[in-house]
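Q: pasting the sequence and the predicted coordinates here, then a few questions.
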Protein chains: 4
Amino acid sequence: MADELRFPTGLGTSDADSISLLGQDLAADLMGRVGFGELAFWLVAGRRPHAGEVRLFEAVLVALADHGFTPTAIAARLTYLSAPDSLQGALAAGLLGGGSRFLGVTEDCGRFLAATLAESSGDDVDAIALDAVTRARAEKRFVPGLGHPVHKVEDPRTPVLIRIATEEGLYGPHLRLFEAIGRVHPQVLQRRLPLNGAGVCGAALADLGLPVEMLRGFALLARAAGLLGQIAEERRRPIANEIYLTVDRNAVYEA
Amino acid sequence: MADELRFPTGLGTSDADSISLLGQDLAADLMGRVGFGELAFWLVAGRRPHAGEVRLFEAVLVALADHGFTPTAIAARLTYLSAPDSLQGALAAGLLGGGSRFLGVTEDCGRFLAATLAESSGDDVDAIALDAVTRARAEKRFVPGLGHPVHKVEDPRTPVLIRIATEEGLYGPHLRLFEAIGRVHPQVLQRRLPLNGAGVCGAALADLGLPVEMLRGFALLARAAGLLGQIAEERRRPIANEIYLTVDRNAVYEA
Amino acid sequence: MADELRFPTGLGTSDADSISLLGQDLAADLMGRVGFGELAFWLVAGRRPHAGEVRLFEAVLVALADHGFTPTAIAARLTYLSAPDSLQGALAAGLLGGGSRFLGVTEDCGRFLAATLAESSGDDVDAIALDAVTRARAEKRFVPGLGHPVHKVEDPRTPVLIRIATEEGLYGPHLRLFEAIGRVHPQVLQRRLPLNGAGVCGAALADLGLPVEMLRGFALLARAAGLLGQIAEERRRPIANEIYLTVDRNAVYEA
Amino acid sequence: MADELRFPTGLGTSDADSISLLGQDLAADLMGRVGFGELAFWLVAGRRPHAGEVRLFEAVLVALADHGFTPTAIAARLTYLSAPDSLQGALAAGLLGGGSRFLGVTEDCGRFLAATLAESSGDDVDAIALDAVTRARAEKRFVPGLGHPVHKVEDPRTPVLIRIATEEGLYGPHLRLFEAIGRVHPQVLQRRLPLNGAGVCGAALADLGLPVEMLRGFALLARAAGLLGQIAEERRRPIANEIYLTVDRNAVYEA
């Protein structure tokens, strides 16, 4: 039966003399010749991106890498304070906050746009957007990518990412629908909300043809770099203990 | 007292109109202008790397991204099988294997080389290497970076990374000492072991001036990309259930 | 403003001379006087359970503690192999598999039963069950707690837990509805499926008045004990490396 | 070759009609008849504890379950705020703080006591303690279990656990040596430090014959119950968002 055990993979394999990754010779063909963001795209999408796709993709990762003292950054710092012997634990703790409320928006928005496009027909993108926002409102669902707690008028990342996508010829149906939602939603919601950065990143990743079910993964990869920065700064200039003491000192017992 | 609460950071901050990262305007100065690997280096080191440093740094990340069906890759796939609703959990589970035995070698090697250089004097690097290996042997400690279970003669990543470092003018004392260890260790250990890829990556990261206490973090960042590739492949072509059943079917009860 | 910082809690607080937990003196009133399962119930429910409730609750934890070589147990062992320096990482990796597919059934079943009861009226529990199963079938949703890959006829945990609940006077509406589902589902699904152990545990926890949103947490607590057993056995009698090699040896590259 | 695949275990196995755990029939012999703490001991130690051992063991778990707003509790709450869809992620994030600095003391103390006893001879426990503390001081190592940031004079858990161990006839060499360290250390350190609760728990677990390499695991199991209490309270009376905003509002950019 073991003869029948087969675990197929298109990723990495190796033998005594060589290491293969994605069908390439890792040492001869990839190291020093492919960028890290480029490789990450290739690993997930199963195809090598061209230079313009790499630029847009890396712009998304840069946009999502660090957002200051987010709950995930604080959790990573507190975990590092508590278990400095396990850097991987502090990084993992930070990434575990990458769920529905914070880092999830990128994927939620990409999924929402893709699902809307899948069930729509016709070229009138504003009509498609209006219908999607109206249905979401009727079902009391949020429209992912709309609104931001800090950037109440405009999220500065949004126009920049749209410009980069346009420059690289990668402005596609998801970004187009996302911008349409930005135009039409006030008719339904009776107020104008900004298109947020996490949402536009999801739209751009979807236009890059990346699987929407994996979009959260790219937000996590970007955040992994940001969390390493947070942990490195915690080593140089610690604040986690002060955060802990601030909470502990102000604890009040209430049955 | 809250007036006195101060949580300093040199990373990200934002206000209603702008997002700042590393003292730069994220949207205007970083998105589309800085690569993801470049930003990761900057976030941890606190300084922007030049082009040659980026090439070497990304070559290291590429070298460490995926090693096929490692225990960490299998753990991530099994966790994804068990909790497909939580991509962050599967990624975190995989990263939690980044400890002393597998991903730790990069950091262990960088620390070993840095510590040896710190306590050594003189220019005779072979003598320094011989002394370091002899002491390690006497104390029954492994010399990190020596030997590989598969690449018993040569690890193909090692010469390539040394060549890239040399091309970029970044061949420094850590790589020099690492190569010296490769020359002299047979005198002590009575057999020739290859300089492995994880070790040469640690030496290169140390020559890049990155803090040795953070080297494991770069291995984790690289592996995060590899694990996303593993999870994406698990979605397309699942094997985790077959791995689980292979173990379960061959379970034997022994008191 | 710090004067206004208030972080209320009904759990633990301490001062120089005493430690308080749940409003009790930890050392004087709890240690040696309250069992661990009893405390876990108290911590989550906010009320101390009586002896019968403790017996049923601990029977649930015992039922869920270990199920042999599950994906979570294998992931914990592989993580321990890879990072033996971080027991917490191996345990966390195992728990991260406690998601929708495996450990989630306990919570899913409790939620399903509670939601069905909330929207039903009348005393005819078989009619309520029949309606719930019929609607689930119509909406192509699984009925949580029905069926088991191994125990195809009967899950031995189910009658025992129902007996214990009855003995302790804790057989309530959730268990009653769960048994009704066991009686009526063949009329809808055209085959008889067993009421599985994870599901009956969810029904029993719901009858204990525990919040359904926390039921997965009790499955995780139970599994934490099982995973410690797996890790302790991995120390005494390792198999993770053999699992890893079995997968690696049978890896087949396919583009 | 598959014929040769064998994965031995003394824990759980099952077939169509029965589930076996630790060689017992789970449903018939364990559910409702063995306590949860008792089972956790049995799973790790491989032997069933007697009633007195269970009482001492559960007293340790109760002592370690929750210590209020520790960094691990705050990390779990912040992770739950950020990813409420993944209770297992919040629990895992909290447990990942169970490293060298906080939860590690229990294991560190048990290891220190066991190692000291292993290399000592004679019955004069105070002399053994004095020698151990003197050597630790000379090597600039902390003596695990000495001192507490809050309980500067006495940790209330310590005398209670010693009393329970004595009542149950389980006061053994580790607790005896720990108390001796409490008597003699001022001669070496020139000040009197309290024997802390985490340390006495480690000593008691070691006297219970549990493997010292697993002691951290029991602290993690205890903390898992405390973290569930923290998460349940976070649901009822949230504070994580206020903690996050307190940090974010007081962030100060410094290059």
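A: Received the coordinates, thanks.

Q: the host helix or strand of A:Thr13: what's the following helix or strand?
A: Per DSSP states H and E: A:Thr13 is located in strand A:12-14. Where DSSP H and E defines the elements, the next helix or strand beyond strand A:12-14 is strand A:19-21.

Q: report whether that following strand contacts chain B.
A: Yes: applying C-beta under 8 Å from any C-beta of the partner chain, one finds that strand A:19-21 is in contact with chain B at A:Ile19, A:Leu21. To be clear about C-beta, it is placed using only N, CA and C from the backbone, and glycine gets the same treatment.

Q: what is that strand packed up against?
A: On a contact count with 3 or more C-beta pairs under 8 Å, 6 or more residues apart in numbering or on different chains; DSSP states H and E, strand A:19-21 meets strand A:12-14.

Q: how about low-confidence regions in chain A?
A: In the predicted model of chain A, residues A:1-3 satisfy pLDDT under 70.

Q: quick one, helices of it?
A: For chain A, applying DSSP state H gives helices covering A:36-45, A:51-64, A:71-82, A:87-95, A:104-118, A:125-138, A:157-167, A:173-189, A:197-207, A:215-236, A:240-249.

Q: those helices into a markdown table, with extra columns for distance to chain C and mean neighbour count?
A: Shown next, in a markdown table, are the helices of chain A (distance: least, C-beta to the nearest C-beta, whole Å; neighbours: other C-beta atoms under 10 Å in any protein chain shown):
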| stretch | distance to chain C | mean neighbour count |
| --- | --- | --- |
| helix A:36-45 | 13 | 26 |
| helix A:51-64 | 20 | 24 |
| helix A:71-82 | 10 | 31 |
| helix A:87-95 | 5 | 32 |
| helix A:104-118 | 15 | 23 |
| helix A:125-138 | 19 | 17 |
| helix A:157-167 | 29 | 20 |
| helix A:173-189 | 27 | 20 |
| helix A:197-207 | 22 | 29 |
| helix A:215-236 | 13 | 26 |
| helix A:240-249 | 5 | 19 |
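
Q: take these and lay them out in JSON lines including distance to B:Val200.
A: JSON lines is the format used below for the helices of chain A (distance: least, C-beta to C-beta, whole Å):
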{"stretch": "helix A:36-45", "distance to B:Val200": "17"}
{"stretch": "helix A:51-64", "distance to B:Val200": "26"}
{"stretch": "helix A:71-82", "distance to B:Val200": "27"}
{"stretch": "helix A:87-95", "distance to B:Val200": "21"}
{"stretch": "helix A:104-118", "distance to B:Val200": "35"}
{"stretch": "helix A:125-138", "distance to B:Val200": "52"}
{"stretch": "helix A:157-167", "distance to B:Val200": "35"}
{"stretch": "helix A:173-189", "distance to B:Val200": "41"}
{"stretch": "helix A:197-207", "distance to B:Val200": "33"}
{"stretch": "helix A:215-236", "distance to B:Val200": "21"}
{"stretch": "helix A:240-249", "distance to B:Val200": "33"}
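
Q: spatially nearest residue to A:Arg157 (excluding sequence neighbours)?
A: Once flanking residues are discounted, A:Arg157 sits nearest to A:Gly197: 3.5 Å by C-beta to C-beta, 6 or more residues apart in numbering or on different chains.

Q: let me see the contact set for the one you found.
A: A:Ala63, A:Leu64, A:His148, A:His151, A:Asp155, A:Pro156, A:Arg157, A:Thr158, A:Leu161, B:Ile19 (C-beta atoms under 8 Å, 6 or more residues apart in numbering or on different chains).

Q: perfect, that will be all.
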